[in-house]
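Engineer: here you go, sequence then predicted model.
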Amino acid sequence: MTDTNLLRFRVAVAGALAHLESRREEVNDLNVFPVADGDTGDNMALTLRAVLDELDRLQGADGQRTIDEIGREEIVQSVARAALLGARGNSGVILSQLIRGAAEELVSRPGQLIDATLIGAALANAADRAYSSVRDPAEGTILTVAREMAHKIVTDVAHSSENPRLGPATEQRVQDTAIAEALASAVDAGQDSVKRGPELLAALREAGVVDAGGYGLTIIFAGVVAALRGDDPPELDHHAPARISHPEHSSSTYRFCTNFAVTGSGLSAAGFIAPLEALGDSVLVVGDSTTLKVHLHTDEPELATAAFAGAGEVSRLDVADMRLQLAQRNERLGARAAAGGDVAGGDGAGGPSGESLAGGLLPGIAASGDGRLRCGAVAVVSGDGLAEMYRELGVHTIDGGPTLNPSTYDLLAGIHEVPAEEVVVLPNSANVIMAAERAAELSDKQVHVSPTTSQQAGLLAAVALAPERSVEENARAVSEALARVRTGAVAQAARDDTQGRFRRGEAVGFVEDEVQAWGEPRETLKAVLEALTRGANGSGAPELISVLAGLDAPVRLGDIEAMVNGDVELELRHGGQPAYWWLLSAE
């Protein structure tokens, strides 16, 4: 570049990310190939975010380090590695390879000013690198779009009547204009390529949709053009979402989109392809001899990571539940259609309300200025009413089933769904804490597991959370909230008591973990309420007691009010939990 700082480069990347963020949901809704998991926009945005974060790191705290101080080769290598490690999903990994290919070409031309000629060469090398990373490259996808955009720039340069090369004395504004013109022409070619995609790929044609990754790539370059010109992005067509959500190919049989990094020495991607393909499909293994990034769809993420035992250290494990992603996509499109909205995202702002990367996943939680939360939360929940209460508080939920016992990889997938890099996990059962801690160790996010042992305590912990605080600050707030809470429960006995106190089918009431009462449901519930009202250990009477009714609770919520004296406020709600007639908390 004509200057020696990273500011202009960062502005271009930030412009690309901002424009992609603005149409992220539109890209997600197009996603059917290779599997309809509805996260292409998310994955491409996360890859660009990793690049932007790396540029900030390279510039230093004061933002004053110059290109020469850092070193051009270090910049290129660092950016390429950041894109690789930050990539998620097929689209994110392929985008990381496009970035890597372009970076390799740029660093191979020391002293040459970036102009249309170099941009064309860099994009051509990027397309070659991306094609070589995919075992069975499909035409009509992002690969085709990248190749045809590069071809357009190279062709324009070859047929230009003027010398397209820029000399070292070129002013910054002139350079920005020249690059913007070249990329704007490429965006036009990319749009044409995107539209031809269904002619080349049956899965797109049958779904009546264009390729999400290819469309995302045109959005990225349009954002760069806008940043270089200091103006609005070139106008792009909007595309309606897929007509179908279950494409007929083998990926629909696998549940988890699994991504992780492997670091070591003497690594070779080729040797791991076959073992991974035995576990699933959509396999991508890219990188170099010291760092590999792995992506596949599988039902057994733990076996995928085990394939690298002894070869290197596995890190940045990220597991996304594609069934959940698909359900969220269908729910989003259904709600948009019911509201009479433009399912193609015609306002250019992503979702129906211009939601950012945090939007739509954590209702009720405010996002930061760049559309991401600093700290989010996920809770293990059983019961439709309870799940709705957690969502009202902005907490993502994992269905724990009747036994409230999700697997480590269910938990890891839930952590991935939270649009924040810092996450508090509320396990809500003593039996889940160990699995949650293992998921926290495996995640590439900063995760804290708060030791909530009941769903009703977890709700009060969720009230204490704030998205603008760090995960450590939220962990302390949760701990303080839990110290002020006593919990109770009433359930139907599953078997006879060994001490002869109750028989199977009778009501059993607990305060904390101690059996408090037993017998008829109404009297047992009343005894638990009275025990909670009295307080414990000199804490005094509580101000509020919450009662959450479960499925088939034998006493109506309206009849419970008379069981508590008027000095304590009573909150009654339907929890829908299957295992307990009532869950109670006193604070």
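Structural biologist: Yep, that arrived. Residues are numbered from 1 along each chain as shown.

Engineer: the longest helix seen in the chain: what's the following helix or strand?
Structural biologist: Counting by DSSP state H, the longest helix found in the chain is helix 172-200. Using DSSP states H and E, the helix or strand that directly follows helix 172-200 along the chain is helix 202-207.

Engineer: buried ones in that following helix?
Structural biologist: Ala203, Leu204, Ala207 (16 or more other CB atoms under 10 Å). In this view, the C-beta of every residue, glycine as well, is placed from N, C-alpha and C.

Engineer: which strands or helices does it pack on?
Structural biologist: helix 172-200 (3 or more CB pairs under 8 Å, 6 or more residues apart in numbering; DSSP states H and E).

Engineer: ok, the buried residues of helix 202-207 vs Val319, which is closest?
Structural biologist: Ala203 (24.2 Å; CB to CB).

Engineer: can you tell me how far that closest one is from Val209?
Structural biologist: 9 Å (CB to CB, to the nearest Å).

Engineer: ditto for Val286
Structural biologist: From Val286 to Val209 the distance is 26 Å (CB to CB).

Engineer: neighbour count winner among those two?
Structural biologist: Val209 (25 against 22; other CB atoms under 10 Å).

Engineer: torsion angles phi and psi at that one?
Structural biologist: Main-chain torsions, Val209, degrees, to the nearest 10: phi -150, psi 160.

Engineer: report pLDDT for it.
Structural biologist: As predicted, Val209 sits at a pLDDT of 81.

Engineer: and the gap between it and Glu148?
Structural biologist: Distance from Val209 to Glu148, by CB to CB: 19 Å.

Engineer: before we move on, what about Gly111?
Structural biologist: The gap separating Gly111 from Glu148 is 30 Å, by CB to CB.

Engineer: neighbour count: those two, which is higher?
Structural biologist: Between Gly111 and Glu148, counted using other CB under 10 Å, the more crowded position is Glu148 (18 against 6).

Engineer: isn't the more buried one up against Val194?
Structural biologist: No - Glu148 lies out of contact with Val194 (CB atoms under 8 Å); the separation is 9.5 Å.

Engineer: buried set for stretch 505-514?
Structural biologist: Across stretch 505-514, burial judged by 16+ other CB under 10 Å covers Glu506, Ala507, Val508, Gly509, Phe510, Val511, Glu512.

Engineer: who's in contact with that stretch?
Structural biologist: Contacts with stretch 505-514, where a contact means CB atoms under 8 Å, 6 or more residues apart in numbering, come from 486-493, 497, 502, 515-521, 523-525, 527-528, 531-532, 581.

Engineer: identify those among those that sit within helices.
Structural biologist: Pro521, Glu523, Thr524, Leu525, Ala527, Val528, Ala531, Leu532.

Engineer: confidence score at the spatially closest residue to the last one that is not a sequence neighbour?
Structural biologist: Which is Leu532. In space, and not counting its chain neighbours, Leu532 is closest to Ala586: 4.1 Å by CB to CB, 6 or more residues apart in numbering. Note for Ala586: predicted pLDDT of 91.

Engineer: got the contact list for Ala586?
Structural biologist: Neighbours of Ala586 in contact, by CB under 8 Å, 6+ apart: Val485, Arg486, Thr487, Gly488, Leu532, Thr533, Gly535, Pro542, Leu544, Ile545, Ser546.

Engineer: in ChimeraX, how would I select the buried members of those?
Structural biologist: Per 16+ other CB under 10 Å, the buried members of these correspond to this ChimeraX selection:
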select :485,486,487,488,532,533,542,545,546
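
Engineer: quick check: the two most widely separated of the contacts of Ala586?
Structural biologist: Going by CB to CB, the pair spanning the contacts of Ala586 furthest: Gly535 and Ser546, at 15.5 Å.

Engineer: show me the strands in the stretch 151-300 of the chain, by range?
Structural biologist: Here the stretch 151-300 of the chain has its strands, by DSSP state E, counting those that start in this stretch, at 256-264, 280-287, 291-298.

Engineer: cool, the chain as well?
Structural biologist: Counting by DSSP state E, one finds strands in the chain at the ranges 256-264, 280-287, 291-298, 312-321, 373-381, 396-399, 420-426, 446-449, 486-492, 507-511, 514-519, 544-549, 569-574, 582-586.

Engineer: same for the first one, what does it pack against?
Structural biologist: Contact here means 3+ CB pairs under 8 Å, 6+ apart; on that basis strand 256-264 packs against helix 89-107, strand 280-287, strand 291-298, helix 301-306, strand 312-321, helix 322-338.

Engineer: just say which of these is most tucked in.
Structural biologist: helix 89-107 (a mean of 26; mean count of other CB atoms under 10 Å).

Engineer: now it and strand 280-287, what's the angle there?
Structural biologist: Counting by axes from the mean of the first three to the mean of the last three CA atoms, to 10 degrees, helix 89-107 lies at 20 degrees to strand 280-287.

Engineer: burial of Ser289, as a residue count?
Structural biologist: Neighbours of Ser289 using other CB under 10 Å come to 11.

Engineer: quick one: it and Ala311, what's the gap?
Structural biologist: 11 Å.

Engineer: so Ser470 sits against Cys375, correct?
Structural biologist: Yes - shown here, Ser470 and Cys375 form a contact pair, counting by CB under 8 Å, at 6.2 Å.

Engineer: between the two, which one's more packed in?
Structural biologist: Per other CB under 10 Å, whichever of Ser470 and Cys375 has more neighbours is Cys375, with 24 against 14.

Engineer: identify the bridge partners of that one.
Structural biologist: Glu422 (DSSP bridges).

Engineer: who's in contact with it?
Structural biologist: Here Cys375 is in contact with Ala420, Glu422, Val423, Val424, Leu465, Ala466, Pro467, Glu468, Arg469, Ser470, Val471, Asn474 (CB under 8 Å, 6+ apart).

Engineer: excluding its backbone neighbours, what's nearest Val107?
Structural biologist: For Val107, the spatially nearest residue (CB to CB, 6+ apart) is Val76, at 4.2 Å.

Engineer: what do you get for Pro110?
Structural biologist: Leaving out its chain neighbours, Pro110 is closest to Arg72 (CB to CB, 6+ apart), at 7.0 Å.

Engineer: I'd say that neighbour and Ser108 touch.
Structural biologist: No - applying CB under 8 Å, one finds Arg72 not in contact with Ser108, separated by 10.6 Å.

Engineer: I'd guessed Ala45 sits against Arg23; true?
Structural biologist: No - using CB under 8 Å, Ala45 makes no contact with Arg23, being 10.1 Å away.

Engineer: which one's more surrounded, the two?
Structural biologist: Applying other CB under 10 Å to Ala45 and Arg23 shows that Ala45 carries more neighbours, namely 29 against 25.

Engineer: so what's the closest residue to that one other than its chain neighbours up against?
Structural biologist: Excluding its sequence neighbours, the residue lying closest to Ala45 (CB to CB, 6+ apart) is Leu20, at 5.3 Å. Under the criterion of CB under 8 Å, 6+ apart, the neighbours of Leu20 are Val27, Gly41, Met44, Ala45, Leu48, Gly216, Ile219, Ile220, Gly223.
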